[in-house]
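Trainee: Please find the sequence and the predicted model below.
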Amino acid sequence: MFSDDSEKTELLYKNIAGLEKEIVVLRNLVEENSYLLERLQELNQQRYLETDKRIYELSLLKNNQDSDPVDNENTPEDEEILNIDLLLFKEALELFEVALYAEALNKFREIIISSPEGEYTPDAYFWSGELFLAQKMLEDARESYLIIIDKYSDHKRAPDSLYKLGEIAISLGDGLAAVDYFKSVIDRYPNSAVAQLAKKSLENIQEESNLID
């Protein structure tokens, strides 16, 4: 009788030990995936910076070299505003790159205020969100990304903004909202690069949910 109880107790302890090891392994996998995701996001942000700086430098050069008024649909005043916006953008990105966030944000605000319907205003909102996110100002970042989703849903920054909203929802502890945002990225922008990140984030949420269950 006592021998049977002892064997059952020993078996129970072994099962518990086995489960504890599995939990540790799963937690390590989740942490590893989270780390890889953070690194990928950092690399993406650096890619944003390098790509955008190059685009705006080329755009500015093109505008300055375009001297044929017959083929140019913009007025001289429009061209001047466009050039100013481009210069502000280049300066803001350079400030962001060296973590001068307040100064960079002021540059983006200048674009938004002076050219509310301008060509580069959606980008200014996006980078404002990135600045807030870098400083852990989640609600301010959320507002910036929501403006892009609401007003510029066809803009190239829309998929990234929607994904960022999912990340912010996770940080705020709202897993259900995060799932909705990530699914929206996949459904609305299936061919975007960030759709793959959204799928990975959904997998991570599912893994963490299974651990809790």
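Mentor: That came through, no problem.

Trainee: So, low pLDDT: which residues of this protein?
Mentor: 1-8, 13, 18-20, 22, 24-82, 210-213 (pLDDT under 70).

Trainee: same thing but at 90, please
Mentor: Within the chain, the segments meeting pLDDT under 90 span 1-94, 96-99, 114-120, 133-134, 156, 171, 192-194, 196-197, 200-201, 203-213.

Trainee: All the helices of the chain, in order from the start?
Mentor: Listed in chain order, the helices of the chain (DSSP state H) span 2-65, 76-97, 101-114, 121-134, 138-151, 158-171, 175-188, 194-212.

Trainee: Name the residues of the fifth one that are buried.
Mentor: By that I understand helix 138-151. Ala141, Arg142, Ser144, Tyr145, Leu146, Ile147, Ile148, Ile149 (16 or more other Cβ atoms under 10 Å). The way it works is simple: take the backbone N, C-alpha and C, and place the C-beta from them, glycine included.

Trainee: Can you give the contact residues for that helix?
Mentor: The contact list for helix 138-151 (Cβ atoms under 8 Å, 6 or more residues apart in numbering) reads 122, 125-126, 128-130, 132-133, 155, 157-158, 161-162, 164-165, 168, 171-172.

Trainee: at 10 Å what do you get?
Mentor: Helix 138-151 is contacted by residues 105, 108, 112, 117, 121-135, 137, 155, 157-169, 171-172, 181, 184, 188 when judged by Cβ atoms under 10 Å, 6 or more residues apart in numbering.

Trainee: Would you mind listing which of those residues are buried?
Mentor: Here, 16+ other Cβ under 10 Å leaves 105, 108, 112, 121-133, 155, 157-169, 181, 184 buried among the contacts of helix 138-151.

Trainee: who are the neighbours in contact with Val98?
Mentor: Val98 neighbours (Cβ under 10 Å, 6+ apart): Ala104.

Trainee: Give me the phi and psi angles of it.
Mentor: Backbone torsions for Val98, taken as degrees, to the nearest 10, come to phi -100, psi 20.

Trainee: Could you report the distance from it to Lys136?
Mentor: The spacing between Val98 and Lys136, counted by Cβ to Cβ, to the nearest Å, is 19 Å.

Trainee: ok, the nearest residue to Ile112 once chain neighbours are set aside to Ala195 distance?
Mentor: Distance criterion Cβ to Cβ, 6 or more residues apart in numbering; nearest residue to Ile112, sequence neighbours excluded, is Ala124 at 5.1 Å. To Ala195, Ala124 is 24 Å away according to Cβ to Cβ.

Trainee: just Ala99 next, same as before
Mentor: Taken as Cβ to Cβ, the span from Ala99 to Ala195 is 30 Å.
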